[in-house]
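*Asks:* Have a look at this fold, sequence not included:
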Ligand code: NI
């Protein structure tokens, strides 16, 4: 089932998300719905707060970019109760967008690699360093779990430049190809 994506201005996007218990009801169905919603919207990642749930559940699909980055062929995974434990000192700039911020794309500086702990879709625990494009997407998606969005990382000037677009999103002026849940006016 395709779920509406909450856009900028929704309070849940600014909430710190909580770990779930392993008997969370209908977890498999939730993951399936999140993956379907992400793919329909042509995103590479989706965090549960973006569908209105303040829980630490993220799905990532890098199979869609595997033509350019073949190491991610077939990479469609869930990250449950994920936490970033350490970040590399080395950083890099990369362009980012977000399904909750349609129409906004900005360059964001992030760590090149991160040490993460999470459970996968089979509830198997992982504790590992990841790098490359996956490290970038994990940092973006796990930010959502802290109530952060990529625009929080921008400098004062860039923040100023996107003010009008944010105001439009807040007032419900959203143009995108997928279903969204706008803030109530
Ligand atoms: Ni996002």
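*Replies:* Cool, got the structure. Quick caveat, the model's predicted, so the values are computed rather than measured.
*Asks:* quick one: contacts for residue 11?
*Replies:* For residue 11, the contact set (C-beta atoms under 8 Å, 6 or more residues apart in numbering) is empty. (Each C-beta comes from the backbone N, C-alpha and C, glycine too.)
*Asks:* any idea how far residue 107 is from it?
*Replies:* The gap separating residue 11 from residue 107 is 28 Å, by C-beta to C-beta, to the nearest Å.
*Asks:* any weak-confidence spans in this structure?
*Replies:* 183-185 (pLDDT under 70).
*Asks:* for it, which residue is closest to the average position?
*Replies:* residue 141 (2.9 Å; C-alpha atoms, centre = their mean).
*Asks:* Any idea how far the top strand by length along the chain is from the middle of the chain?
*Replies:* Scanning the chain for the strand with the most residues, using DSSP state E, yields strand 76-87. Using C-alpha atoms, centre = their mean, to the nearest Å, the mean C-alpha position of strand 76-87 is found 11 Å from that of the whole chain.
*Asks:* Let me know the next secondary structure element after that strand.
*Replies:* strand 91-96 (DSSP states H and E).
*Asks:* Give the buried residues for that following strand.
*Replies:* residue 96 (16 or more other C-beta atoms under 10 Å).
*Asks:* contacts for that strand?
*Replies:* For strand 91-96, the surrounding residues in contact (C-beta under 8 Å, 6+ apart) are 105-112, 136, 140, 150.
*Asks:* neighbour-wise, which of those leads?
*Replies:* residue 140 (24 neighbours; other C-beta atoms under 10 Å).
*Asks:* can you tell me the helix or strand for that residue?
*Replies:* Per DSSP H and E: residue 140 is located in helix 132-145.
*Asks:* so that helix versus strand 91-96, what angle?
*Replies:* Using axes from the mean of the first three to the mean of the last three C-alpha atoms, to 10 degrees, one finds that helix 132-145 and strand 91-96 are set 70 degrees apart in direction.
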